[in-house]
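Asker: return a 3D structure for these sequence lines:
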Amino acid sequence: MNRLLTDPRLRVGLCAVILVVVALLGFVAGPPAAKTGTGGAALNGKAVVSRATVACPVLGPGGKVQSVVTAVSPLLPDGTPMPAGKQTALTLSDLDPDSGRVYTSVRERGQLGELKRTDNGEIVSVRANGPLAAGAAATVTARADEGANRGLASSPCVAPTSDFWFVGVSSQAGRRGVLTLTNLDEEPASVDVYVHGAEGEVEVPEAKGVVVPARDSTDVYLSTVLPNSRDLALHVQVGAGRVAATFRDNAQGKTGPAGVDWIPAAGTPTKQVVVPAIAPGKGLRVLTVINPGDVQATATLTLHGPNGRFKPARKETLDIPAKATRVVRLDDALKGDGGGVSITSDQPLAASARMIDAKQTDFAATASALPLTGPAYLALPAHPEPLLLMLTAPDKGGAVLVEVRDSAGTVVQTRELDIAEGATSMVALKPLTRSSYLTVTPRKGDLVAGVALAPPLKTIPPVSKVTAWTLATSLVFRAQLGAAPNVQSALR
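Answerer: Predicted coordinates:
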């Protein structure tokens, strides 16, 4: 870990300088455009996006890893506001865009770019300036058949911002978790990490005031700063600058490696949260909930399966102490079915679910997410296995348009469907030997969505490969494009 800022005067001065620079950088060009529609859906608060930058994490050492970063500037609905100016390429490069190390680029909307590697390599940045920035998305996927990284790990590449929640992490025996903070900007960033466990907030001085150098990354090893602890949630707050935060989790079983994956960041705590894309199949399904508030929370759990909503027997109500976590097993209630879980509480919460295959050779995680208010895009690597798009309508019923396009922009799979009130509908995405990208456009209703790859119900291979992706509305269709730097945090 890089050295920490311990001199208060140095920290205040550095943060003040960084805040001025960040204020000048900006992510959005121009005010939100007027309301418009696409395919019958009302899209409120569209914004002109002129620049997009995301960081694609890498695995740690351990076995021969094959990885691919897949990036796309997708085809957008008619009427989507676009910035003026010359169209430049979407690039996949190292963290310093001025180094000249561009691995590959995409010059046309709808085309896909890929970076394939046979080693862990370095963190990749995907950048776009100008018209190709709108809707830009990237995914990193890594596979290994042996070693500490045995299994399948995948994550959407992460945009820098100032606030992240990682729920359901651990430093207990058999778990090796690493928080990676990546700074894509030209000035250093300062980060505080707050840790919550089953007994409440845990003071971890080594995780406060972490400095992330410009165009560099810093790793925080959970087992070093807080060893032998389980059922944790991390709150990453950026006092100055911005970072792209990811959490990598390696598991070790009694007989060997038990999988690797990135734990997705959960949405901002709210009084009603939904965790989508809990994959069907045998194995464990474990829900972890964090109550970051100052008073105890009383929450109600509802499961949303293929046939509608239902309450998990003897687990319907959950009391969560202030600033503490609680864990609930859901596999006995789901009985092999996939679905989502909604949590209604008198206090804001965040949550995630961990999915472990029946042989405990791999795992994946999905986290609480917001309903889609506009199209969501997910870049997909070649996948010889079918994927499962899972759409949950926690309250009222909904409707959605699903499209998968190949690297030429051709639609290779499409479907329109209705989702029953309280249910989770599943759409099988057929195997593809080349990269593609998924577009999910909500037509009506509040739908929460994710994609899962899990072993088939009838045939489980010797080493399972499991992963999941949570879907989010593309930034170009959001009224707010991320939190501003926290001035009070920077100066305290």
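
Asker: in this protein, spot the strand with the most residues.
Answerer: Of all segments of type strand in the chain, defined using DSSP state E, the longest is strand 339-356.

Asker: what lines up beside it in the sheet?
Answerer: Strand 339-356 has its sheet partners listed here by DSSP bridges as strand 270-278 (antiparallel), strand 284-291 (antiparallel), strand 297-305 (antiparallel), strand 363-367 (antiparallel).

Asker: show me the helices in the stretch 351-492 of the chain, by range?
Answerer: Remark: helices assigned in the stretch 351-492 of the chain by DSSP state H, counting those that start in this stretch are 487-491.

Asker: relative to residue 402, how far out is residue 389?
Answerer: 6 Å (C-beta to C-beta, to the nearest Å). All C-beta atoms are positioned from the backbone trio N, CA, C, and that covers glycine.

Asker: ignore what I typed, I meant residue 387.
Answerer: Residue 387 is 11 Å from residue 402, by C-beta to C-beta.

Asker: which one's more surrounded, these two?
Answerer: Counted by other C-beta atoms under 10 Å, residue 387 and residue 402 do not tie: residue 387 has more neighbours, with 23 against 18.

Asker: which one is that one nearest to, not counting chain neighbours?
Answerer: residue 429 (4.1 Å; C-beta to C-beta, 6 or more residues apart in numbering).

Asker: contacts only, for the one you found.
Answerer: By C-beta atoms under 8 Å, 6 or more residues apart in numbering, residue 429 lies in contact with 380, 386-389, 404, 413, 438, 451.

Asker: rank those by pLDDT and give me only the lowest.
Answerer: Within the set of the contacts of residue 429, pLDDT is lowest for residue 386 (90).

Asker: need phi/psi at that one.
Answerer: Main-chain dihedrals, residue 386, degrees, to the nearest 10: phi -70, psi 150.

Asker: quick one: contacts for it?
Answerer: Contact partners of residue 386, counting by C-beta under 8 Å, 6+ apart, are 428-431.

Asker: what would these look like in a markdown table with distance to residue 48 and pLDDT?
Answerer: Formatted as a markdown table, the contacts of residue 386 follow (distance: C-beta to C-beta, whole Å; pLDDT from 0 to 100):
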| residue | distance to residue 48 | pLDDT |
| --- | --- | --- |
| 428 | 36 | 95 |
| 429 | 31 | 95 |
| 430 | 35 | 93 |
| 431 | 37 | 93 |
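
Asker: among those, who's most crowded?
Answerer: Going by other C-beta under 10 Å, residue 429 tops the contacts of residue 386 with 21 neighbours.

Asker: what's the spacing between that residue and residue 66?
Answerer: 21 Å.

Asker: and for residue 333?
Answerer: Relative to residue 66, residue 333 is positioned 36 Å away (C-beta to C-beta).

Asker: between those two, which one's more packed in?
Answerer: When neighbours are counted by other C-beta under 10 Å, residue 333 and residue 66 differ, and residue 333 comes out ahead with 21 against 13.

Asker: so that one, which of the three states?
Answerer: helix (DSSP: H, G, I helix; E, B strand; the rest coil).

Asker: mind checking pLDDT for the closest residue to it other than its chain neighbours?
Answerer: Nearest non-adjacent residue to residue 333, counting by C-beta to C-beta, 6+ apart: residue 312, 3.7 Å away. Here, the pLDDT recorded for residue 312 equals 96.

Asker: now do the contacts for residue 312.
Answerer: Residue 312 touches 301, 303, 328, 330, 333, counting by C-beta under 8 Å, 6+ apart.

Asker: determine which two of these are furthest apart.
Answerer: Greatest spatial distance among these (C-beta to C-beta): 303 and 328, at 10.7 Å.

Asker: looking at these two, which is more packed in?
Answerer: residue 303 (24 against 19).

Asker: what bridges to the more buried one?
Answerer: Under the criterion used (DSSP bridges), residue 303 bridges to residue 310, residue 341.

Asker: for the residue lying closest to residue 422 once chain neighbours are set aside, give its distance to residue 302.
Answerer: Sequence neighbours aside, residue 309 is the residue nearest to residue 422 in space, at 3.4 Å (criterion: C-beta to C-beta, 6+ apart). Using C-beta to C-beta, one gets 5 Å for the distance from residue 309 to residue 302.

Asker: pick out whichever of the two has more residues nearby.
Answerer: residue 309 (21 against 17).

Asker: residues in contact with that one?
Answerer: Residue 309 sits next to 302-303, 342, 394, 422-423 when contact means C-beta under 8 Å, 6+ apart.

Asker: for residue 172, state which of those residues is nearest.
Answerer: Nearest to residue 172 among those is residue 303, at 26.8 Å by C-beta to C-beta.

Asker: doesn't residue 338 make contact with the closest one?
Answerer: No: using C-beta atoms under 8 Å, residue 303 is not in contact with residue 338, being 10.4 Å away.

Asker: count the residues that sit near residue 230.
Answerer: Neighbourhood size, residue 230 [other C-beta under 10 Å]: 16.
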